[in-house]
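A.B. asks: no FASTA, just this:
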């Protein structure tokens, strides 16, 4: 019985060879690679049940029109027959490569006159270890003797996406060299993606703008999509759980469309331009998230409704393209600040779409239903797409970096304005304080002081009156002493509020008078040194430094418990410098800066565009250094 079957198979093969002449893939000394579709023939198995023995004798094989064998979406099995002829006198080591790593089932047969050899059933429905060659794509090693010809049958079936099959026959050395170049390119691309992901995430941490977070997610999704579509994730992450491949096949493109749509929405700022379009985009995003949820947890359900799901998925692709076009149009009309960057980043996609437009025109002319099942996978698998993605994220990263710079410049400009306003407010407050002090000092001196002086004069005349008795004379003398003290106190307060020495003689004399009047007859020793101050300084600087010294002396007396104070006042390198040093308890600058006294000092020094520094002394105490350009 087995002999009879073998005879029948051999007869069918002989008949087929007699009536059909196959164009061979010819191997010569200069052979590099050849597309199988350019010389092969195809047969569509609608029943999806025919075996290699049944297919061998089929006369329905037709010449392939497309070297890259694009079939669009189909649930049938595809058989591809091709013959390889070694025209050299040398042994040839060849490689048959099927560069699309996501076919559900795939099997290569070598058919000879007396045998049929299978290279093993494999695909993403099977564990990765079932592949003869442990590569990211499907690869088969073929050996031909000198002048030998062999015929091969490639059986392919896909469940949830279109079949695009740019299968090739390679010279082994050429194939290995090409793979090295591809991996080098992949390494560069991976590095660029990782740098941009890290850079954009650091930008997000710096300015806390969710646009940069969604951009980080978008670039990460692009990287994941490339890793998945080029077959890297299956062997690395889930080699023994092949059912995840069906989930990822629909989840990855959905993640890309969701992340790109959301990022585009935020990048152009459509929520501030068009509320209706913004609502429509949000609805589309929520719908795709629901579709993603179904695809992630209902992959078995997708197997039963794969054709319907494919139509829904491709409708979403078209809607996303429409949204991107609408974003560009609305952004241009409303003059969005980011639209020019978005258009530049989108140019490679536009050029690429024009280059593949004949494919879509072909399906459009064939009918609307065929259009929905067109080969959208070409968009994701083409070698041109990674170049488009790298160009896009490079342009967008530049745009986002420029946006950060612009935001920082605006913040710095605003900070300068706020600082200027604060300085003006501080100056206005200080001027108001000094004006009020001057008024009060004048009133004390000219008003209360004159009244006290007149009263003192009358007490003196009363004292000289002889009719006053001795007891009353004592009371008058005591009252006169109190009056003297009151007069001196008013005079002192008047001079402190607006010291005459400062207005008439200058800062050095006023500081010296202040220190003498403050520390004379106390246990605190003071030293005052000054040099290189030969001319009067501007009034606001003299008054501010005088008030600062006044405040520092008050703080030393109240808090420092010092017994030695050193005050230095000099001009150096175009700056008026004040150094006040004491040997007291020292201060906690952070806590002290919350006090009213030091706040007044800092405010005054800022009002005259100076700077002040508080630090601990070499052993104990505090050193205060104030500096102002003059």
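C.D. replies: Thanks, I have it. Small disclaimer: the values here were computed from a predicted structure and weren't measured.

A.B. asks: would you list every one of the helices in the stretch 401-550 of the chain?
C.D. replies: Under the criterion DSSP state H, counting those that start in this stretch, the stretch 401-550 of the chain contains helices at 449-464, 470-497, 500-504, 507-519, 539-555.

A.B. asks: what is the mean pLDDT for the second one?
C.D. replies: By that I understand helix 470-497. Model confidence over helix 470-497 averages 65 on the pLDDT scale.

A.B. asks: Kindly state the domain boundaries assigned to this protein.
C.D. replies: Taking automatic domain parsing as the domain assignment, the record places the domains of the chain at 2-172, 178-418, 500-629.

A.B. asks: for those, which one sits closest to residue 425?
C.D. replies: Closest approach to residue 425 among the domains of the chain is made by domain 500-629 (9.4 Å; Cβ to Cβ). Placement of C-beta: from N, CA and C, glycine included.

A.B. asks: pLDDT-wise, which helix or strand of the protein ranks last?
C.D. replies: With mean pLDDT, DSSP states H and E as the measure, the helix or strand of the chain carrying the lowest mean pLDDT is helix 368-372 (a mean of 36).

A.B. asks: Hmm, residue 268 and residue 281 touching each other?
C.D. replies: No: if you go by Cβ atoms under 8 Å, residue 281 and residue 268 don't touch, sitting 10.2 Å apart.

A.B. asks: which residues does the residue nearest to residue 288 when sequence neighbours are not counted contact?
C.D. replies: Take residue 288 and drop its neighbours on the chain: the residue closest to it by Cβ to Cβ, 6 or more residues apart in numbering is residue 258, 5.0 Å away. When contacts are counted by Cβ atoms under 8 Å, 6 or more residues apart in numbering, residue 258 is found next to 285, 288-289, 292.

A.B. asks: With residue 106 instead?
C.D. replies: In this structure, residue 106 makes contact with 98, 121-123, 138, 154-157, judged by Cβ under 8 Å, 6+ apart.

A.B. asks: same deal with residue 135?
C.D. replies: Remark: with contacts taken as Cβ under 8 Å, 6+ apart, residue 135 is in contact with residue 231.

A.B. asks: sorry, back to before: residue 428: which of the domains of the chain is closest?
C.D. replies: From those, taking Cβ to Cβ, the stretch that ends up closest is domain 500-629, at 9.2 Å.

A.B. asks: Now that closest one: average pLDDT?
C.D. replies: Averaged over domain 500-629, pLDDT sits at 82.

A.B. asks: Can you name the element that comes right after the host helix or strand of the residue nearest to residue 288?
C.D. replies: Following DSSP states H and E, the helix or strand that holds residue 258 is helix 244-268. Read in the C-terminal direction, the helix or strand following helix 244-268 is helix 275-297, with elements assigned using DSSP H and E.

A.B. asks: What is that next one packed up against?
C.D. replies: For helix 275-297, the contact count by 3 or more Cβ pairs under 8 Å, 6 or more residues apart in numbering; DSSP states H and E identifies helix 244-268, helix 299-304, helix 306-333 as packing neighbours.

A.B. asks: and with 7 Å instead?
C.D. replies: If you count contacts as 3 or more Cβ pairs under 7 Å, 6 or more residues apart in numbering; DSSP states H and E, helix 275-297 packs onto helix 244-268, helix 306-333.

A.B. asks: Give me the neighbour count for residue 29.
C.D. replies: The tally of other residues near residue 29 (other Cβ atoms under 10 Å) stands at 9.

A.B. asks: Next, work out how far apart the closest residue to it other than its chain neighbours and residue 146 are.
C.D. replies: Spatial nearest neighbour of residue 29, chain neighbours left out: residue 88 (5.7 Å); criterion: Cβ to Cβ, 6+ apart. Distance check for residue 88 against residue 146: by Cβ to Cβ, to the nearest Å, it reads 6 Å.
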